[in-house]
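Student: Show me how the following folds:
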Amino acid sequence: MVNAVSPTNAWSPFGAFSMAVIQGDGQIVHVKGQVSLDRHGQVVGQNDMRAQVRKVLENIRDVLAPMGGQMADVISLVHYATDIEAFMTTGDIRQEFFAAPYPVTTTIQIERLYRHELMIEIAAIAEIPRSRFRHPEQDRPGAT
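Tutor: Numbering: from 1, shown residues only. Here you go, the predicted structure:
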């Protein structure tokens, strides 16, 4: 069984997706690809890859938090970058959010994202230990 989650401390989904999907008994959490939007849907860091990577990682952290998740629980990331060279300058920012053992990652350069101001999207998979996991309240439309 899969349960969709859209916590209120992150921007609201506007299409056919969930912010996160909890798989099985709730330990494995699939986080929808996050972009550099604030909770009001406004782009943070226009034309600034470093600012956007920071905001995206903050968004991943904020999606996991209501479930008891931490960035140390992230086991896999997929990065979709519009400028791979600019993205490669953000390793120090990633180290602010992750410590060894680091999540496995895949990085793909793409032509563009759904809004031209966005430069990076990152999807994550986390495993939250049962002792810390909390099932979030379903307070957003479309959350099941």
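Student: Arg115 and Asp83, how far apart?
Tutor: 15 Å (Cβ to Cβ, to the nearest Å). C-beta here means a position set from N, CA and C on the backbone, and glycine is covered the same way.
Student: One more: Ala100?
Tutor: From Ala100 over to Asp83 the distance is 27 Å, taken as Cβ to Cβ.
Student: Now do the SS call for the residue nearest the centre of the chain.
Tutor: The C-alpha lying nearest the average C-alpha coordinate of the chain belongs to Ile60 (Cα atoms, centre = their mean; 3.2 Å). Put simply, Ile60 is helix when judged by DSSP: H, G, I helix; E, B strand; the rest coil.
Student: Check whether it really touches Ile120, as I assumed.
Tutor: No - at 11.7 Å, Ile60 and Ile120 do not qualify as touching, with contact defined as Cβ atoms under 8 Å.
Student: Provide a list of residues in contact with the residue nearest to the centre of the chain.
Tutor: 31, 34, 71, 74, 122, 124 (Cβ atoms under 8 Å, 6 or more residues apart in numbering).
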